[in-house]
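Q: Sequence and predicted structure, then a few things I'm wondering about:
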Amino acid sequence: MQLRNKFMLATSVVMLAAVLTGCNREEATETAGGSQAKTLGVTLPNLTNPYYVAMKKSFEENGKAQGFNVKVSIADNDDAKQLSQVQSFIQQKVDAVAVNCVSSGPCVAVIGELNKANIPAFAINIMPDTDGMKQQGVSMVQGVQTDQREGGKFIGQQLLKDLGPDAKAEIGIVGEPTSISANARDDGFKEAIASNPGLQVVALVNGKVEETTSLKVTTEMLQGNPKMTIVFSNTEPAALGANAAIEQLGKSGTVTLYSFVDKEGVKKIVDNQVLKAGAIQEPVKLAKLLVDSVKQHFAGEKVPEFLNSPPLLVNKDNANEAMSAAY
């Protein structure tokens, strides 16, 4: 009887060991399979801006489609926090990192940390400071950004088309003179309209990328320039403030607006009362382009140092369709 019990016990142990071995092998297979997928770390400035919400989702969806594990960290508009997040990515031994800089200057140190760890660094939307990178010997694989100047040109070209070749008009700009991106948009717009000497920019006011401030300064600009019939705004908050100023002054029939826009601006282009055309950045597209480049980099392909993606021109003809691309 004791011999029989010992035999049964031994058999049970062997069977249990076989089961456990099978489980461990399955787990090992899954781990091995998972280890083959490279991890892409992503750090974004915030999620209060719908732009970054759309970008985060695009990174996750396109990263998954390309076989990456994607880890996203949110810096809460804090340069030091962004640096800490990238250091955490380094400790986790991620395979590549995409950085949407909180600020261009401090971001150089972020890219520098990735260089030291030999982790491929990519930048998106807001680039690290070019001069700072040169001075510190820092480099990145690629930067993916919206071609802001080209967006301004698109809007200027649309204005020329709307007014005709012989049009004359006084134009005011509601901008943000301290922003590199905003100034590039202004430059592109002015470059496009320069082909018609009858179109003259006569005023530039600082809307500070705020709707209420833009309402105030646009009102003052229009009151001080009674012959002004065109307003160009280089951000959506400025456009919404300028739009309100034009309406409140009773100039909806005489002053038209062109601007960089988001979803609310596209809605106003659909209405086509004051805001006639604009350009939208495409965060979903930017993230996809970067993920594709990361994939190409790991496949041993050379990718361009910069990808400048033109924004989407929106006018009355495609405004309804463009609504799905707006954020």
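A: Looks like it arrived, so ask away. Numbering: from 1, shown residues only.
Q: Kindly provide the distance from Val231 to Asn318.
A: Shown here: Val231 relative to Asn318, a distance of 22 Å by CB to CB, to the nearest Å. All C-beta atoms are positioned from the backbone trio N, CA, C, and that covers glycine.
Q: and these two? which has more neighbours close in?
A: For Val231 against Asn318, the residue with the higher neighbour count under other CB atoms under 10 Å is Val231, and the figures read 29 against 15.
Q: Tell me which strands the strand or helix carrying that one pairs with, and in which orientation.
A: With elements delineated by DSSP states H and E, Val231 resides in strand 228-233, which encompasses its position. Using DSSP bridges, the neighbouring strands of strand 228-233 in the sheet come out as strand 169-175 (parallel), strand 256-260 (parallel).
Q: Output those as TSV; include the columns mean neighbour count.
A: TSV is the format used below for the strands paired with strand 228-233 (neighbours: other CB atoms under 10 Å):
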stretch	mean neighbour count
strand 169-175	23
strand 256-260	27
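Q: So Ala98 is in contact with Ala123, correct?
A: Yes: under the criterion of CB atoms under 8 Å, Ala98 lies in contact with Ala123, with a separation of 7.4 Å.
Q: burial measure for Ala184, as a count.
A: In terms of burial, Ala184 registers 18 neighbours under the definition other CB under 10 Å.
Q: these two touch, right, it and Thr146?
A: No: because the distance of 9.6 Å does not satisfy CB under 8 Å, Ala184 is recorded as not touching Thr146.
Q: if we can go back for a sec, who has more neighbours, Ala98 and Ala123?
A: When neighbours are counted by other CB under 10 Å, Ala98 and Ala123 differ, and Ala98 comes out ahead with 30 against 25.
Q: And stretch 127-142, how far out from the chain middle?
A: Going by CA atoms, centre = their mean, to the nearest Å, the spacing between the C-alpha centre of stretch 127-142 and its chain's C-alpha centre is 19 Å.
Q: and the strand or helix carrying Glu247, what other elements does it pack with?
A: The secondary structure element spanning Glu247 is helix 236-248 (assigned by DSSP H and E). On a contact count with 3 or more CB pairs under 8 Å, 6 or more residues apart in numbering; DSSP states H and E, helix 236-248 meets strand 169-175, helix 211-224, strand 228-233, strand 256-260, helix 263-271, strand 275-280.
Q: Could you export these to CSV, including columns for mean pLDDT and distance to Phe189?
A: Supplementary listing: those in CSV, determined by pLDDT from 0 to 100; distance: least, CB to CB, whole Å:
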stretch, mean pLDDT, distance to Phe189
strand 169-175, 97, 8
helix 211-224, 98, 16
strand 228-233, 98, 6
strand 256-260, 98, 8
helix 263-271, 96, 16
strand 275-280, 97, 10
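Q: Output those in CSV, with distance to Cys107 appended to each entry.
A: What follows is the helices and strands packed on helix 236-248, written out as CSV (distance: least, CB to CB, whole Å):
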stretch, distance to Cys107
strand 169-175, 24
helix 211-224, 27
strand 228-233, 27
strand 256-260, 23
helix 263-271, 28
strand 275-280, 25
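Q: In contact with Leu160, which residues?
A: Contacts were defined as CB atoms under 8 Å, 6 or more residues apart in numbering; by that measure Leu160 touches Ala167, Ala192, Ile193, Ser195, Asn196, Leu199.
Q: Number of residues surrounding the third one?
A: Look at Ile193: counted by other CB under 10 Å, it has 25 neighbours.
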